[in-house]
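Student: no sequence for this one, just the structure:
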């Protein structure tokens, strides 16, 4: 019996997550909120600054989940984060003003991870690039421009405008459609093992989970890397389309 022929998956484009993949969101959020609470004279409300920061992240995750589930608008989750965190009844104007003051401190702490520009440079001539984020276009467009990488991406898609969030396959497929490429020609790079890693794999993209913290095990369906320095070798390697793949 002749050997079974397997086609070769050639990756032509990389679609990127933004927060905690390209941009060090966690550090900026912590530094920005610490500075904001100090400026507002609110640190004394908690046992420690660390306790306040932990609570802010809990509230952020809770309200972000509501937005991802379609229960509240993008702006609504911002306002509710403020109300729940402060445990106060606030008008939209009051909550919005508080969030804008926080955002001033947060934006002052924005930075790319140090491995981002070298990776983008290494792949600039060989791959097309786009962004898919569970945020809003207004937010991520401004962020990428401020960080100096906006022009690296030919398409920027966000959940608020798409009407669908990762890990839904429709979000990943929308990015492929924007690039006019089939899913098996596209890689997705993100920091969350389920939302990014499993979601991209289930949608048929080459899934690359960026595990900067060395968390270890992850769902089957793609690759796991600890640094973007590892990405070019994965994208340029022949991947036998249709063969089983696991995170490693």
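Tutor: Looks like it came in fine. From a predicted model like this one, the values you see are computed outputs, not experimental measurements.
Student: sketch out the low-pLDDT regions of the chain for me.
Tutor: The chain contains residues with pLDDT under 70 at 1-8, 216-220, 238-248.
Student: select the longest helix from it.
Tutor: Among the segments of the chain that qualify as a helix by DSSP state H, the longest is helix 49-68.
Student: what's the following helix or strand after that helix?
Tutor: Counting by DSSP states H and E, the next helix or strand C-terminal to helix 49-68 is helix 74-86.
Student: that next one vs helix 49-68, what angle?
Tutor: 150 degrees (axes from the mean of the first three to the mean of the last three Cα atoms, to 10 degrees).
Student: what does helix 74-86 rub up against?
Tutor: Identification of contacts with helix 74-86 by Cβ atoms under 8 Å, 6 or more residues apart in numbering yields 55-56, 59-60, 62-64, 66-67, 72, 89-90, 92, 95-96, 98-99, 135-136, 139, 159-160. For the C-beta atoms, the positions are set from N, CA and C on the backbone; glycine is no exception.
Student: the nearest residue to residue 42 once chain neighbours are set aside: neighbouring residues, count only.
Tutor: The shortest distance from residue 42 to any non-neighbouring residue, by Cβ to Cβ, 6 or more residues apart in numbering, is to residue 52 (7.6 Å). Counted by other Cβ atoms under 10 Å, the residues lying close to residue 52 total 19.
Student: contacts only, for residue 52.
Tutor: Contacts of residue 52 by Cβ under 8 Å, 6+ apart are 33, 34, 37, 42, 43, 45, 46.
Student: now do the helices in this structure.
Tutor: Listed in chain order, the helices of the chain (DSSP H) span 25-40, 49-68, 74-86, 92-108, 116-123, 137-146, 159-162, 169-179, 199-202, 231-236.
Student: buried set for the fourth one?
Tutor: By neighbour count, with 16 or more other Cβ atoms under 10 Å as the criterion, the buried positions of helix 92-108 are 95, 98, 99, 102, 105, 106.
Student: can you list the domain ranges for the protein.
Tutor: Using automatic domain parsing, the domains assigned to the chain come out as 8-24+111-240, 25-108.
Student: quick one, which of the ones you listed is packed in tightest?
Tutor: For these, average neighbour numbers computed from mean count of other Cβ atoms under 10 Å are highest in domain 8-24+111-240, which has a mean of 19.
Student: coming back round to it: residue 147: which of the contacts of residue 52 is nearest?
Tutor: Relative to residue 147, the closest of those is residue 33; by Cβ to Cβ it sits at 19.5 Å.
Student: okay then, goodbye and thanks.
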